[in-house]
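S.K.: Turn this into a structure:
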Amino acid sequence: MSARFPKHKKEDKFISFVFRAVDYFKSTWKTFAIVGGIVIAIVIIMIAYLNHRSTINHMALQDYARASKLFKQQEYAAAKDSLNLLRENYKSTKYGKQALLYLGKIALVKQNYEEANNYFSEASKKINNKLLKKAAMVGVAKCFMVQNNDKEYYKQLKEIARKFPDAYDAPDMYLKVAEYYKSQNKTKQAKKLYSLIIKKYKNSGAYQDAKTSLNNIKKGNFSL
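M.R.: Residues are numbered from 1 along each chain as shown. Down below sits the predicted model:
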């Protein structure tokens, strides 16, 4: 039969535990208070920051909407001024970054191709949205196209298709590049892209053209 502690001994142990707990609390309450105060301060700062960012984004959106409307109305000078002001005031917001796309489009309309290229290139690096990033890269390609810079144009198309392989027009871009390679007698590069289209894009409109072109190359009919 196991020994039992007398009741008064159990009470003494409990009282000792309580006193130790009280002593521990007395020695550490300041630390807990400081840590708690820091946590509360951090939470308050975060809430204030998020509210500030929300206000900034809302204001940037309003300016972006106004600039977009001016662009659609073909008031390019006023739109450019609004977009530059947006960039100046809200550069770090997504709307400040997206303003680069419109600035590139305005420069393209005004035939300032180097300026347009710079805007589109910067947009493609800073914008996170995939569709808008792709649009910026397409803008760069258009700049090369209107300047008859075929080498850079097709190089850009290939890069767009590589970065966005699931885009609806990726197979068509690859096909254009392959046809360009073929016209330049770069049959090895052309065959590689035709094969890629046949392998990855069987349900695309480019599939049959790629298959026919690849067969012609294999038969030695390079002009077809």
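
S.K.: low-scoring pLDDT stretches of the chain, where are they?
M.R.: Scanning the chain for pLDDT under 70 picks out 1-27, 29-37, 39, 41, 43-54, 221-224.

S.K.: Run through who's touching stretch 105-124.
M.R.: 71, 76, 79-80, 83, 97-98, 100-101, 103-104, 132-133, 136-137, 139-140, 142-144, 146-147 (Cβ atoms under 8 Å, 6 or more residues apart in numbering). Placement of C-beta: from N, CA and C, glycine included.

S.K.: For the spatially most central residue of the chain, which non-adjacent residue is spatially closest?
M.R.: Central residue of the chain (Cα atoms, centre = their mean): residue 128, 1.5 Å from the mean position. Among residues not flanking residue 128 along the chain, residue 94 sits closest, at 7.4 Å (Cβ to Cβ, 6 or more residues apart in numbering).

S.K.: List the residues that contact that neighbour.
M.R.: Applying Cβ under 8 Å, 6+ apart, the residues contacting residue 94 are 57, 60, 127-129.

S.K.: Out of those residues, grab the one that's most surrounded.
M.R.: Among these, residue 60 has the most neighbours (other Cβ atoms under 10 Å), with 21 neighbours.

S.K.: next SSE after the helix or strand harbouring that residue?
M.R.: Using DSSP states H and E, residue 60 falls within helix 7-72. Per DSSP H and E, the first helix or strand lying C-terminal to helix 7-72 is helix 76-90.

S.K.: who does that following helix touch, helix- and strand-wise?
M.R.: helix 7-72, helix 94-109 (3 or more Cβ pairs under 8 Å, 6 or more residues apart in numbering; DSSP states H and E).

S.K.: In CSV, list the C-alpha atoms belonging to it.
M.R.: These are the backbone C-alpha positions of helix 76-90, laid out as CSV (Å, rounded to 0.1, in the frame of the first residue of the first chain):
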residue,chain,number,x,y,z
TYR,A,76,-2.9,62.6,-75.5
ALA,A,77,-1.2,65.7,-74.2
ALA,A,78,-3.5,66.0,-71.3
ALA,A,79,-3.4,62.2,-70.7
LYS,A,80,0.5,62.3,-70.7
ASP,A,81,0.5,65.2,-68.1
SER,A,82,-1.9,63.3,-65.9
LEU,A,83,0.1,60.1,-66.2
ASN,A,84,3.4,61.8,-65.4
LEU,A,85,1.8,63.5,-62.4
LEU,A,86,0.5,60.1,-61.3
ARG,A,87,4.0,58.6,-61.6
GLU,A,88,5.4,61.5,-59.6
ASN,A,89,2.9,61.2,-56.7
TYR,A,90,2.2,57.5,-56.6
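
S.K.: between that helix and helix 94-109, how big is the angle?
M.R.: 150 degrees (axes from the mean of the first three to the mean of the last three Cα atoms, to 10 degrees).

S.K.: List the contacts of residue 84.
M.R.: Per Cβ under 8 Å, 6+ apart, neighbours of residue 84: residue 103.

S.K.: Wait, residue 179 touches residue 210, no?
M.R.: No - applying Cβ atoms under 8 Å as the test, residue 179 and residue 210 come out as separate, 9.5 Å apart.

S.K.: So which of the two has more stuff around it?
M.R.: residue 210 (24 against 17).

S.K.: Roughly how far does the more buried one sit from residue 160?
M.R.: 18 Å (Cβ to Cβ, to the nearest Å).
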